[in-house]
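> Next come a sequence and a model predicted from it.
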Amino acid sequence: MQQGIDTKKVEERQAPSVAVVEPTPEAIERTSEIADAALKELEKPAVGPPFTPQSPAQITKWVKGLFYGDPGVGKTFLLGTAMKFAPTRPVLLLDSEAGTMSIRDTGVDVVAVRSYEEVGQIAKWLKENNFARVGADGKIVPGQRYQTLCIDSLSELQRHVMRGILTAAVRKDPEHDPDIAEQRDWLKNAERVRKLVRGVRDLDIHVLFTCLARERQDERTGAVTIKPHLPGQLADEVSGFLDFAGYMRIGTVEDEDNDAEGKRKKVLIRRVYFQPAGHFLAKDRSGVLPVYLDNPTIEAIVGPIVNEGGNKQ
């Protein structure tokens, strides 16, 4: 017969021994110092974030856009109308194609530019000396020298950039054809145009570009689309950098009056599209511009964007 187990002795054998260690005076003092330091940190004023946030209304005070179309549709003339709208004047226009006759009586300041470096120097001056800024209330503080910078046109300026690249390439390698760009030259040209557009776009000032237009055929589908006249993917990229891209053309509409034969008179109009209502590229990031405007002015385009604040995404 199995004898009973003395459970008291088993528990005594299994119970762990616990050593009680009394804290030393030095440890107690160190703990107090840590607690005091933590309390002092809590008493310090809160440190603000390492950035200055802005409201969407402040950011959209400066409008960046592109007008493109065939020669003679009125792109430069449209830029000149910025002098008739207080929020966009005075105007500085960088002329790369010697085509400013249509704005000679507008009061626009014109500077001829023929190189990437010249545009860079002007952009640097505007950034450091133009003093354009947005106040705490989201409104533009008056008094800056220029409120709008125009580049007319980006197509021709791109050609000037390429000529500079080819000149440098021939200087480095006399065997390089001075009139034919190689793949490396095109890559360098595209990157410089990207940097130029981004750098100018980021200035605290309204920025408006013009560009010629050309048809581009999709190699896969054969579809033809009218886009800004820029090499490679730049036509789509540059448009994507900006708030709007407007396609300009000249058309005819019927007048309310009749001619001598009793037929409706035909009148010429300038029209700019901000939505792709045909086989052409157009965009409006603000969401406040119509599908198109007839005989447009800068006030009719920039005004609604600035006043409404837009819906930049």
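Here it is on my side, so go on. Numbers count the residues shown, from 1 in each chain.
> Okay, buried residues for stretch 61-73 please.
Neighbour counts over stretch 61-73 (16 or more other CB atoms under 10 Å) mark Lys61, Trp62, Val63, Lys64, Gly65, Leu66, Phe67, Tyr68, Gly69, Val73 as buried. In short, each C-beta sits where N, CA and C put it, glycine included.
> tell me which element the fifth one falls in.
Okay, so that is Gly65. strand 64-69 (DSSP states H and E).
> Other residues contacting stretch 284-298?
60, 63, 78-79, 81-82, 84-85, 88, 148, 208, 242-244, 246, 253, 269-275, 277, 300-301, 304-305, 308, 310-313 (CB atoms under 8 Å, 6 or more residues apart in numbering).
> quick one: which of these sit in helices?
Leu78, Leu79, Ala300, Ile301, Pro304, Ile305, Glu308 (DSSP state H).
> Just the buried ones among those residues, please.
Leu78, Leu79, Ala300, Ile301, Pro304, Ile305.
> could I get those as a markdown table with distance to Ala181 and pLDDT?
Below are these laid out as a markdown table (distance: CB to CB, whole Å; pLDDT from 0 to 100):
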| residue | distance to Ala181 | pLDDT |
| --- | --- | --- |
| Leu78 | 31 | 96 |
| Leu79 | 29 | 96 |
| Ala300 | 40 | 96 |
| Ile301 | 35 | 96 |
| Pro304 | 41 | 92 |
| Ile305 | 37 | 91 |
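> okay if I get those residues as a markdown table plus distance to Thr52?
Below are those laid out as a markdown table (distance: CB to CB, whole Å):
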| residue | distance to Thr52 |
| --- | --- |
| Leu78 | 35 |
| Leu79 | 32 |
| Ala300 | 33 |
| Ile301 | 29 |
| Pro304 | 27 |
| Ile305 | 23 |
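> now, which of the residues you listed sits nearest Glu26?
Ile305 (69.5 Å; CB to CB).
> On the three-state scheme, the closest residue to the closest one other than its chain neighbours is what?
Once flanking residues are discounted, Ile305 sits nearest to Ser286: 4.5 Å by CB to CB, 6 or more residues apart in numbering. Assigned by DSSP: H, G, I helix; E, B strand; the rest coil, the conformation of Ser286 is coil.
> Just the pLDDT for Ser286.
Listed pLDDT for Ser286 reads 90.
> same question, Asn129
Asn129 is given a pLDDT of 79.
> Helix or strand: which one has the spatially closest residue to it that is not a sequence neighbour?
Nearest non-adjacent residue to Asn129, counting by CB to CB, 6+ apart: Arg145, 7.7 Å away. Arg145 is located outside every helix and strand, with elements delineated by DSSP H and E.
> Pull the contacting residues for Arg145.
Arg145 is in contact with Pro90, Asn129, Asn130, Phe131, counting by CB under 8 Å, 6+ apart.
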